[in-house]
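# Build me a structure from this.
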Amino acid sequence: MSEVLLDWFRELKKENTITVKKAKEAGEKVVGIYCTYGPREIVLAADAIPVNLCGTHEETIPYAEKDLPRNLCPLIKSSYGFAVTDKCPYFHFSDFILGETTCDGKKKMFEIMQKIKPVHVMNLPQDPDLPSSLALMYAEMVRLKEALEEKFNVTITEEKLREAIHIMNQNNRALKSLHDLNKNKPALITGMDLLSVSWQLGFHTDRLERIKMLDALVGDIIQHYEPVCDENTPRILITGTPIGSGCEKVLALVEECGAIGIALENCGGYKTLGIQIDESDKRDPLLLIAEKYLNISCSVMSPNHRRVELLEQMVKDFKVDGIIDLTWQCCHTYNVESYTIREKAKNDWEVPFLQIETDYSESDIETLRVRIQAFLEML
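Prediction:
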């Protein structure tokens with residue numbers, strides 16, 4: 001039964017292209033989102049459908065490089081390439097594009113993307129611990145709310161915001177329970193399947209159905225209890241830049257070489273799943289949402305002690321044997337922050353550490369295979 005359910009998740013992106021098209025034809029509104037910082041709660045409260053946008057494959061990068069520099073992060077180039085070629089159906093059907101200032105490359109790319117379709121760009125603070133940062137994040141939530149209300153001619157009420165908060169809390173709870181299966185030793189789900197489920201869910205339009213299906217998948221895996229490896233299989237924590245279908249080569253190589261991607265801290269993985277909004281808190285729901293997103297442990301924040309704290313806890317909880325820190329070329333924030341993670345892994349956590357800097361192409365597969373095999377032999 002688990003394999004049947006996993007197949008359902010694997011086909012989500014394809015199936016939901018049709019679903020989004022039908023929703024558009026029925027008059028529903030679609031909001032395309034590029035980043036974890038995009039507050040899905042506000043989009044849901046506007047009675048719109050939040051969907052992830054394509055940006056994890058090398059096929060559109062040559063088209064992007066006609067307008068963008070070659071020495072730019074592949075995620076940015078791929079995202080723009082899918083937009084300019086109209087090869088991302090979710091971008092095509094989106095009425096509203098939500099961007100954010102997570103890095104200089106993305107915010108400048110969004111300026112050019114405005115020629116294709118209007119983009120609302122959220123301005124993010126730099127230091128999450130400053131009182132002024134919460135004020136800025138709250139102001140951005142208010143600005144997004146007003147922009148959606150104007151665009152879709154709706155009123156976003158407190159009641160709708162609280163309903164959306166509940167849905168997103170349940171979504172994170174259900175997805176976290178899937179990832180938490182691998183606290184078990186031996187593991188109960190492969191890293192590739194974890195990635196597939198997490199990534200494909202971003203294209204699913206029905207939040208309530210995805211929660212139901214996640215709970216069914218977790219329940220079925222627990223009931224049948226069929227480990228996907230043995231107790232001696234090296235348990236690798238993958239951290240760093242976002243990964244998805246089309247740019248999963250490092251995780252795939254880890255498992256091809258005989259280890260298991262026991263936990264994925266990356267965006268779309270474990271990074272945000274433990275962040276819940278207290279539904280009994282009676283304060284302004286926009287402020288609660290602002291606090292939630294300010295707690296995301298992305299490397300664009302400085303200092304970023306939250307990522308260090310999360311990784312330390314994951315090393316313990318998932319019984320990690322080694323850490324691989326993935327950095328896309330020209331992603332300067334994660335590349336520099338790798339120093340901090342390396343030092344913590346070596347001196348405090350006593351866990352072997354490997355940083356890999358690469359891009360979306362397949363040209364370095366065999367080089368990476370040699371490095372990963374050598375790392376695993378060291379374990």
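# Look at the nearest residue to residue 318 once chain neighbours are set aside and give its secondary structure.
Nearest non-adjacent residue to residue 318, counting by CB to CB, 6 or more residues apart in numbering: residue 263, 4.4 Å away. All C-beta spots, glycine's among them, are computed from the backbone N, C-alpha and C. Following DSSP: H, G, I helix; E, B strand; the rest coil, we place residue 263 in the strand state.
# so residue 263 bridges to which residues?
Listed by DSSP bridges, the beta-bridge partners for residue 263 are residue 237.
# Pretty sure it sits against residue 316.
No - using CB atoms under 8 Å, residue 263 is not in contact with residue 316; the gap is 11.1 Å.
# Those two: which has the busier surroundings?
Using other CB atoms under 10 Å, the more surrounded residue of residue 263 and residue 316 is residue 263, with 28 against 11.
# Could you tell me how far that one is located from residue 184?
12 Å (CB to CB, to the nearest Å).
# before we move on, what about residue 136?
Distance of residue 136 to residue 184, computed by CB to CB: 41 Å.
# again, but for residue 91
For residue 91, the distance to residue 184 equals 38 Å [CB to CB].
# what about the two, which has more around it?
Taking neighbours as other CB under 10 Å, residue 91 and residue 184 compare with residue 91 leading, 24 against 16.
# Distance check, the more buried one against residue 145.
Residue 91 is 23 Å from residue 145, by CB to CB.
# which SSE is the residue nearest the centre of the chain in?
Geometric centre of the chain, nearest residue: residue 268, 2.1 Å, by CA atoms, centre = their mean. Remark: residue 268 resides in no helix or strand, with elements defined by DSSP states H and E.
# got the contact list for it?
Applying CB atoms under 8 Å, 6 or more residues apart in numbering to residue 268 gives the contacts 36, 198, 199, 202, 242, 243, 244.
# Make CSV from those residues and add secondary structure to it.
Putting the contacts of residue 268 into CSV (three-state DSSP) gives the following:
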residue, secondary structure
36, coil
198, helix
199, helix
202, coil
242, coil
243, coil
244, coil
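# Please identify which of these is nearest to residue 129.
Nearest to residue 129 among the contacts of residue 268, counting by CB to CB, is residue 36 at 19.0 Å.
# That closest one and residue 10, how far apart?
Taking CB to CB, one finds residue 36 at 22 Å from residue 10.
# More neighbours: which of these two?
Higher neighbour count among residue 36 and residue 10: residue 36, with 21 against 15, using other CB under 10 Å.
# I'd assumed residue 272 was in contact with the more buried one.
Yes - between residue 36 and residue 272 a contact is recorded at 5.6 Å, counting by CB under 8 Å.
# overlap in contacts of the two?
Joint contacts of residue 36 and residue 272 (CB under 8 Å, 6+ apart) are residue 296.
# where do the strands sit along the stretch 201-350 of the chain?
Here the stretch 201-350 of the chain has its strands, by DSSP state E, counting those that start in this stretch, at 235-240, 260-264, 322-328.
# who touches the residue lying closest to residue 248 once chain neighbours are set aside in this structure?
Distance criterion CB to CB, 6+ apart; nearest residue to residue 248, sequence neighbours excluded, is residue 195 at 5.8 Å. Residue 195 sits next to 243, 244, 245, 248, 251, 261, 264, 269 when contact means CB under 8 Å, 6+ apart.
# Quick one: which of the contacts of residue 268 is the most crowded by neighbours?
Comparing the contacts of residue 268 on neighbour count, residue 243 comes out first with 26 neighbours (neighbours: other CB under 10 Å).
# For that one, give its distance to residue 321.
Distance, residue 243 to residue 321, by CB to CB: 20 Å.
# cool, residue 207 as well?
Distance from residue 207 to residue 321, by CB to CB: 35 Å.
# cool, residue 181 as well?
Distance from residue 181 to residue 321, by CB to CB: 18 Å.
# returning to what we had before: could I get the strands of the stretch 201-350 of the chain as CSV with distance to residue 221 and mean pLDDT?
Below are the strands of the stretch 201-350 of the chain laid out as CSV (distance: least, CB to CB, whole Å; pLDDT from 0 to 100):
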stretch, distance to residue 221, mean pLDDT
strand 235-240, 17, 98
strand 260-264, 15, 98
strand 322-328, 24, 98
